[in-house]
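Enquirer: Pasting a predicted model and its sequence here:
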Amino acid sequence: MADTNKQSSEKKEYHKKATGNALTTVKNHSKENDLKLYGSCFCPFVQRVWISLEVKQIPYQYIEVDPYKKPDLLLQINPRGLVPALRHGDWGCYESTVLMEYLEDLSEGQSLLPPQPKTRAHSRLWSDHINRHIIPSFYRFLQEQDQQKQVTLADELKTEIGKIVDVADPTGPFFLGAGISFVDIQMAPWVVRLNRVLKPYRGWPEPEPDSRWAKWVKAIEENEHVRATTSTDELYLDSYERYAENRPNTSQVANSVNSGRGLP
């Protein structure tokens with residue numbers, strides 16, 4: 001019994017405070033502002049919106065919340081208590097893709113969507129692919145405990161990533177070419193977690209040298225705004241152990257994946 005208790009006490013839990021570059025960014029955006037981002041340091045959906053704000057250089061206030069405690073300030077914006085949530089004056093909204101679209105509609109700072117209607121539609125189509133296929137595949141692979149099934153799920157994730165790489169600008173390094181845009185930011189948090197989560201927990205391989213995928217990964221990892229919202233590796237390793245062990249009630253995302261549903 002003593003050994004069991006010791007093992008249980010050594011279980012890693014999610015972090016409640018950003019570290020490294022992300023902590024510096026939190027401190028730089030701690031002052032009161034009309035535009036407030038409620039987020040959690042480990043959450044990839046939060047990082048999408050956070051990167052968008054950094055790229056656009058829109059003034060904002062970052063407020064760290066524990067979504068498992070569901071504080072009233074968060075529930076007032078999103079009754080489900082999920083992050084990210086945005087409050088702009090007396091108005092609030094949630095869902096990461098919707099919030100990225102809202103920031104675009106403010107027409108402030110660098111545009112994340114291209115001006116041409118067809119290219120904008122192309123970007124939205126492949127953003128949808130990320131949400132419908134790549135992200136669920138990521139979590140299915142991470143949460144699967146059976147090693148034989150893990151092999152199949154790794155191939156599934158590689159296939160879904162391959163589809164978006166095939167339609168990306170051939171020169172790159174980003175999805176539409178030289179500069180980071182909407183699709184890159186939709187993808188970036190999971191690119192960050194491939195190396196920091198899937199590699200240690202599931203043996204995810206490095207990109208094939210000189211491949212288009214390797215060029216894209218490198219561009220995302222080295223982007224100043226992605227780096228500014230990324231914590232130290234330990235935060236992700238600790239925070240995602242519960243997914244890798246598929247602990248009960250890890251999150252609504254984990255529960256949805258386990259039940260075969262789409263993202264919550």
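Expert: Ah, there it is.

Enquirer: Now do the residue nearest in space to the middle of the chain against Ile185, distance only.
Expert: Nearest to the mean C-alpha position of the chain, by C-alpha atoms, centre = their mean, lies Pro44 at 2.2 Å. Here the criterion is C-beta to C-beta, to the nearest Å. By it, Pro44 lies 11 Å from Ile185. For the C-beta atoms, the positions are set from N, CA and C on the backbone; glycine is no exception.

Enquirer: can you check Gln147 too?
Expert: From Gln147 to Ile185 the distance is 33 Å (C-beta to C-beta).

Enquirer: Compare these two (neighbour count), which wins?
Expert: Remark: of Gln147 and Ile185, Ile185 carries more neighbours, 27 against 8, as counted by other C-beta atoms under 10 Å.

Enquirer: Report the contact partners of the more buried one.
Expert: 48, 51-52, 55, 100, 112 (C-beta atoms under 8 Å, 6 or more residues apart in numbering).

Enquirer: Where does it sit: helix, strand or coil?
Expert: Put simply, Ile185 is helix when judged by DSSP: H, G, I helix; E, B strand; the rest coil.

Enquirer: Pull the number of nearby residues for Ala228.
Expert: 17.

Enquirer: Likewise for Gln186?
Expert: Gln186 has 28 neighbours, counted by other C-beta under 10 Å.

Enquirer: so it makes contact with Asn131?
Expert: Yes: if you go by C-beta atoms under 8 Å, Gln186 and Asn131 touch, sitting 7.5 Å apart.

Enquirer: Give the residues shared as contacts by these two.
Expert: Both Gln186 and Asn131 are in contact with Thr97, where contact means C-beta under 8 Å, 6+ apart.

Enquirer: And the strands in the stretch 1-150 of the chain, which stretches?
Expert: Taking DSSP state E, counting those that start in this stretch, the strands of the stretch 1-150 of the chain run over residues 35-39, 61-64, 85-88, 91-94.
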